[in-house]
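Chemist: Structural data only, the sequence is not supplied:
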Ligand code: SAH
Ligand code: SF4
């Protein structure tokens, strides 16, 4: 089987090219085409001879991701269905706002964790995405940002399909390609990785010496309640997650974002707000209140407006930094937790 050209580091590329009898600077040119110029095929590498391009195509595969289905929401949100080289599909979303545009990217095809409220969790996990496949989503979504507003993406969130911490190496590699000057050169602080709370992964990311942000899909403020909707909490209880988040904060100086979907009569009581307040006292943080998007077959419902407002007011009275996130791209099922390849 041929090796994917994008699997090689800069050094490995030089070694590969030496084997082919090609000089070092050619390897560097190719590396630049791949990560700085976002080439999606060998043919695009126009400063290389036709012969060399043909030789490369013989020797290596180029597993780029292609746009398959484009859905545009009335609010400007664009959802892309993207095809992988093995015909599998992933989804990504571009969300425009006044001053910014955010790309929401997937890290896996499906997800092994079956959180009870999440559409992705109902899919079987097919495979991890390669770093290049995550990077490609950013490149493709960036084109839609440019088409929409004339400006490139400002933010990237790892909140599409999959659990980033369970595809650790490829996710980290994709962040390096997106942020390094040899790649897309985006600021680390513009990136947010969202996790269901995998302690080992959080600690490892803290040790990477980088400055991207971390969000925790909290959704319930006690172990007892969280165990009911997120299985991962059984093996990664809140105490340990909080310690890991503190460690991340110490290492990066970045506050943690708690994501909290308000479910009707499940986690929307004032008592829950009080428990959530306790958690925010334990680690420097923001709270994002997220509107639940109904998922077929799930009997949880979104909280009533008045309960939401009371919940938020309770937190604000205690000086917690709370934002209410309105759901975007509803008409095209582009919201988080709805990315589930409906077309399959
Ligand atoms: N696996 C990671 C990242 C992907 S999920 C994680 O869980 O954090 C992205 C966000 O969408 C998470 O906060 C997730 O909890 C949330 N989400 C899942 N299903 C949802 C739904 N039906 N409505 C609203 N948000 C949902
Ligand atoms: Fe997986 Fe995140 Fe969905 Fe849970 S919420 S099933 S971890 S994608």
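Modeler: Happy to help now that I have it. In this text, all values refer to a predicted model and were calculated from it rather than measured experimentally. Residues are numbered from 1 along each chain as shown. Ligands and ions are numbered 1, 2, ... in the order given.
Chemist: ok, which stretches of the stretch 151-300 of the chain are helices?
Modeler: 168-179, 199-206, 223-229, 232-235, 238-252, 270-282 (DSSP state H, counting those that start in this stretch).
Chemist: can you tell if the first one touches ligand 1?
Modeler: Same thing as helix 168-179. No - judged by Cβ under 6 Å from any ligand atom, helix 168-179 makes no contact with ligand 1; its nearest approach is 10.5 Å. In short, each C-beta sits where N, CA and C put it, glycine included.
Chemist: Now that helix: buried residues?
Modeler: Residues 168, 170, 171, 172, 173, 174, 175, 176, 177, 178, 179 are the ones in helix 168-179 that count as buried (16 or more other Cβ atoms under 10 Å).
Chemist: residues in contact with the closest residue to the second one other than its chain neighbours?
Modeler: The one in question is residue 170. In this structure, residue 170 finds its nearest non-sequential neighbour in residue 131, 4.6 Å apart by Cβ to Cβ, 6 or more residues apart in numbering. For residue 131, the contacting residues are 6, 170, 171, 173, 174, 177, by Cβ atoms under 8 Å, 6 or more residues apart in numbering.
Chemist: Need the nearest residue in space to the third one, chain neighbours excluded.
Modeler: Going back to what we said before, that points to residue 171. Here the residue nearest residue 171, using Cβ to Cβ, 6+ apart, is residue 164, at 4.5 Å.
Chemist: need the contact list for the residue nearest to the spatial centre of the chain.
Modeler: Relative to the mean C-alpha position of the chain, the nearest C-alpha, by Cα atoms, centre = their mean, is the one of residue 158, at 1.1 Å. Applying Cβ under 8 Å, 6+ apart to residue 158 gives the contacts 105, 107, 164, 171, 191, 192, 193, 194.
Chemist: pretty sure the third one contacts residue 194?
Modeler: Yes - counting by Cβ atoms under 8 Å, a contact exists between residue 164 and residue 194, whose distance comes to 7.0 Å.
Chemist: of the two, who's got more company?
Modeler: residue 164 (28 against 21; other Cβ atoms under 10 Å).
Chemist: could you check the distance from that one over to ligand 2?
Modeler: 9 Å (Cβ to the nearest ligand atom, to the nearest Å).
Chemist: ok, now which ones touch that residue?
Modeler: 107, 158, 171, 193, 194, 195, 201.
Chemist: mind putting those residues in a markdown table, pLDDT included?
Modeler: A markdown table is the format used below for the contacts of residue 164 (pLDDT from 0 to 100):
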| residue | pLDDT |
| --- | --- |
| 107 | 96 |
| 158 | 97 |
| 171 | 98 |
| 193 | 98 |
| 194 | 97 |
| 195 | 98 |
| 201 | 98 |
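Chemist: Can you tell me which of those residues comes closest to ligand 1?
Modeler: residue 194 (3.7 Å; Cβ to the nearest ligand atom).
Chemist: what does this protein put close to ligand 1?
Modeler: Close to ligand 1, as judged by Cβ under 6 Å from any ligand atom, the chain has residues 117-118, 159, 163, 194-196, 217, 259, 261, 290, 292-293, 295, 336-337.
Chemist: List buried members of those residues by neighbour count.
Modeler: 117-118, 159, 163, 194-196, 217, 259, 261, 290, 292-293, 295, 336-337.
Chemist: which one among those gets closest to ligand 1?
Modeler: residue 337 (2.0 Å).
Chemist: What about residue 222, how many residues nearby?
Modeler: So residue 222, with other Cβ under 10 Å, has 16 neighbours.
Chemist: ugh, typo on my part, it should be residue 200
Modeler: 12.
Chemist: Over to residue 281?
Modeler: With other Cβ under 10 Å as criterion, residue 281 counts 11.
Chemist: Can you give me the distance of it to residue 315?
Modeler: 12 Å (Cβ to Cβ, to the nearest Å).
Chemist: What separation do you get for whichever residue of the stretch 151-300 of the chain sits closest to ligand 2 and residue 252?
Modeler: Taking Cβ to the nearest ligand atom, ligand 2 has its nearest neighbour within the stretch 151-300 of the chain at residue 196, 3.7 Å off. As defined by Cβ to Cβ, residue 196 lies at a distance of 20 Å from residue 252.
Chemist: now swap in residue 327 and tell me
Modeler: Taken as Cβ to Cβ, the span from residue 327 to residue 252 is 29 Å.
Chemist: So between those two, which is more surrounded?
Modeler: Neighbour totals were compared for residue 327 and residue 252, and residue 252 leads with 20 against 17 (other Cβ under 10 Å).
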